[in-house]
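>>> what's the 3D shape of this:
(chains A and B)
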Amino acid sequence: DTAVSQTPKYLVTQMGNDKSIKCEQNLGHDTMYWYKQDSKKFLKIMFSYNNKELIINETVPNRFSPKSPDKAHLNLHINSLELGDSAVYFCASSNSGGFNQPQHFGDGTRLSIL
Amino acid sequence: AQSVTQLGSHVSVSEGALVLLRCNYSSSVPPYLFWYVQYPNQGLQLLLKYTSAATLVKGINGFEAEFKKSETSFHLTKPSAHMSDAAEYFCAVSVTGGGNKLTFGTGTQLKVEL
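The predicted model follows:
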């Protein structure tokens, strides 16, 4: 069973469209994250939720809106897609029992904006 | 704010040779340090983590890393490279009070040659 699963795996769309990426984890973790990996493989955190509450928001444009319906799910909705949004988006999860808790990553969603 | 620097964006070794991937960190408080590996078209997988229990940390696939506070380093090593080790390696840091946010280095692409 996949621990952290993201859908879709690939997303190709036009500039200006709105799209969503879904993430689910079956590890029983209470904290989930979204990271963006750019074309140079640089990884940067976007958001983090703990028990459905937003705890990290790293100066991401308002066009990006995360939603956590429960602690096993964290979705990412993106409005008015721009060329610069092309990247790989990774979902991750961990326990919140300390800052040494390892994060478990999904396989990523490859977003391409035409 | 904490940060990590990975020296060498590309490292090439022969199969059977020593692997050494360098990571230096910067943090005003005691850090938690991690090494992750990313295989093509996959998410990140935890190799090992340092959480202050022991300075020499052993991880999966024969990798280990040593925390050296005096040098602010956490270099990753493996005595004998295997073809299957070819991947992108990321060093990351988190600190208490940082919301369990991982700050990643820019990654090192390891190539293993016959």
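>>> Near residue 3, how many other residues are there?
Picked chain A for this. By other CB atoms under 10 Å in any protein chain shown, 14 other residues sit near residue A:3. C-betas here are computed from N, CA, C, even on glycine.
>>> oops, I was thinking of chain B
Look at residue B:3: counted by other CB under 10 Å, it has 12 neighbours.
>>> who does the lowest-mean-pLDDT helix or strand in chain A pair up with?
Ranked by mean pLDDT, DSSP states H and E, the weakest helix or strand in chain A is strand A:53-57, scoring a mean of 87. With DSSP bridges as the test, strand A:53-57 is paired with strand A:43-50 (antiparallel).
>>> buried stuff in the partner strand?
Residues of strand A:43-50 classed as buried: A:43, A:45-50 (neighbour count, 16 or more other CB atoms under 10 Å in any protein chain shown).
>>> before we move on, what about stretch A:47-65?
Buried residues in stretch A:47-65, counted by 16+ other CB under 10 Å: A:47-50, A:56, A:60, A:64.
>>> Just flag the most distant two among those.
The distance between the two most remote of these (CB to CB) is 18.5 Å, for A:50 and A:64.
>>> What parts of chain B come near chain A?
Residues of chain B lying close to chain A (CB under 8 Å from any CB of the partner chain) are B:32, B:34, B:36, B:38, B:41-46, B:49, B:51, B:88, B:90, B:94-104, B:106-107.
>>> Quick one, which of those residues are buried?
With burial judged by 16+ other CB under 10 Å, the buried subset of these is B:32, B:34, B:36, B:38, B:43-46, B:49, B:51, B:88, B:90, B:94-95, B:98-104, B:107.
>>> any weak-confidence spans in chain A?
A:1, A:97-99 (pLDDT under 70).
>>> Strands of that one, residue ranges please.
In chain A, the strands defined using DSSP state E lie at A:4-7, A:10-13, A:19-25, A:31-37, A:43-50, A:53-57, A:64-70, A:73-78, A:87-94, A:104-105, A:109-113.
>>> Redo these as a markdown table? Include distance to residue B:6.
Below are the strands of chain A laid out as a markdown table (distance: least, CB to CB, whole Å):
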| stretch | distance to residue B:6 |
| --- | --- |
| strand A:4-7 | 24 |
| strand A:10-13 | 28 |
| strand A:19-25 | 27 |
| strand A:31-37 | 15 |
| strand A:43-50 | 12 |
| strand A:53-57 | 23 |
| strand A:64-70 | 27 |
| strand A:73-78 | 27 |
| strand A:87-94 | 18 |
| strand A:104-105 | 18 |
| strand A:109-113 | 23 |
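>>> Looking at the ones you listed, which is nearest to residue B:64?
strand A:104-105 (21.2 Å).
>>> and that closest one with chain B, contact?
Yes - against chain B, strand A:104-105 shows contacts by CB under 8 Å from any CB at A:104-105.
>>> how much space between the residue nearest the centre of chain B and residue B:9?
Nearest to the geometric centre of chain B sits residue B:35, at 3.5 Å (CA atoms, centre = their mean). Computed as CB to CB, to the nearest Å, the residue B:35 to residue B:9 distance reads 16 Å.
>>> residues near residue B:110, how many?
Residue B:110 has 21 nearby residues by other CB under 10 Å.
>>> Tell me how many other residues crowd the closest residue to residue B:79 other than its chain neighbours.
Once flanking residues are discounted, residue B:79 sits nearest to residue B:18: 6.1 Å by CB to CB, 6 or more residues apart in numbering or on different chains. Neighbour count for residue B:18, taken as other CB under 10 Å: 11.
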